[in-house]
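**Student:** generate coordinates for the sequence data below:
(one chain, ligands or ions: 1)
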Amino acid sequence: MLNIVLFGPPGAGKGTQSENLIKRYDLVHLSTGDIFRANIKGGTDLGNLAKSYIDKGALVPDEVTIQMLESEVNKHPEAKGFIFDGFPRTTAQAEALDRFMDSRNDSITCMLALEVPEEELRQRLKSRAETSGRSDDADPQVIQKRIDTYKRETAPVADYYRAQEKLVAINGVGSIEAISKRLFEAVDATD
Ligand code: ADP
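**Tutor:** Numbering: from 1, shown residues only. Model (predicted):
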């Protein structure tokens, strides 16, 4: 199976690029952010819990997130592979994902890490706020919190995959097509 971790700071373009990757490689896209937002919209217990963290720019607790992710993977027994978008976001999540993949006799193929300068991220999130309707995009203080949370808790996840020689850094600045091309080349180089 082809199992890709798509990694990058808030606003790096993970959602957009996931769409192009799933079309090209016929993968199942699992975005923890999208799953949380669907639960918030549906007013589920999970949604209410997640909202209290998301609106502060904090991460939803690992235990909740890991359990949710595993149950989403289990909903797709026919999958040829997965794109994990927004997961793992902590080293504990990365370790849990490896254990889970192991238990399925499977593994993570690679981590593709989109790199975008911080100033550009702020600009992108600001303009996304005008159309996304996302409350966590609307408030500059929450945006700053998310960037800080990323640096503190999430950036170390790249080291985890670097140690396994699975990290591929991708320049995330340029046209959507140009960035997709870089991602496709990186995936094709893994086999
Ligand atoms: P972005 O990449 O733009 O920050 P996402 O849609 O990936 O947005 O995530 C939105 C929010 O959902 C995050 O700020 C965080 O609060 C929560 N979230 C998403 N994925 C995870 C995760 N793997 N672990 C904990 N919290 C998460």
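
**Student:** how near is Val157 to Leu59?
**Tutor:** 12 Å (Cβ to Cβ, to the nearest Å). For every residue, glycine as well, the C-beta is placed using N, CA and C.

**Student:** neighbour-wise, which of the two wins?
**Tutor:** Val157 (24 against 20; other Cβ atoms under 10 Å).

**Student:** before we move on, back to that, identify the contacts common to Val157 and Leu59.
**Tutor:** Residues touching both Val157 and Leu59 (Cβ atoms under 8 Å, 6 or more residues apart in numbering) are Arg89, Thr90.

**Student:** list the helices and strands the longest helix anywhere in the chain packs on?
**Tutor:** Determined from DSSP state H, the single longest helix within the chain is helix 118-132. In this structure, helix 118-132 makes packing contacts with helix 135-138, helix 140-149, judged by 3 or more Cβ pairs under 8 Å, 6 or more residues apart in numbering; DSSP states H and E.

**Student:** what lies in contact with it?
**Tutor:** For helix 118-132, using Cβ under 8 Å, 6+ apart, the contacting residues are 9-13, 116, 134, 137-138, 140, 143, 147, 173.

**Student:** please redo it, this time with the cut-off set to 10 Å
**Tutor:** Contact partners of helix 118-132, identified using Cβ atoms under 10 Å, 6 or more residues apart in numbering, comprise 8-13, 15, 37, 116-117, 134-140, 142-144, 146-147, 150-151, 172-173.

**Student:** next up, identify which helix or strand Glu78 is on.
**Tutor:** For Glu78, there is no enclosing helix or strand under DSSP states H and E.

**Student:** pull the number of nearby residues for Ala189.
**Tutor:** Neighbours of Ala189 (other Cβ under 10 Å): 9.

**Student:** do you know how far it is from Arg128?
**Tutor:** Distance from Ala189 to Arg128, by Cβ to Cβ: 31 Å.

**Student:** one more: Ile147?
**Tutor:** Distance from Ile147 to Arg128, by Cβ to Cβ: 14 Å.

**Student:** quick one: common contacting residues for the two?
**Tutor:** Counting by Cβ under 10 Å, 6+ apart, the residues touching both Ile147 and Arg128 are Pro10, Gly11.

**Student:** which residues of the protein lie near the ligand?
**Tutor:** 10-11, 14, 32-33, 36, 53-54, 58-60, 65, 86-87, 89, 93, 136, 146 (Cβ under 6 Å from any ligand atom).
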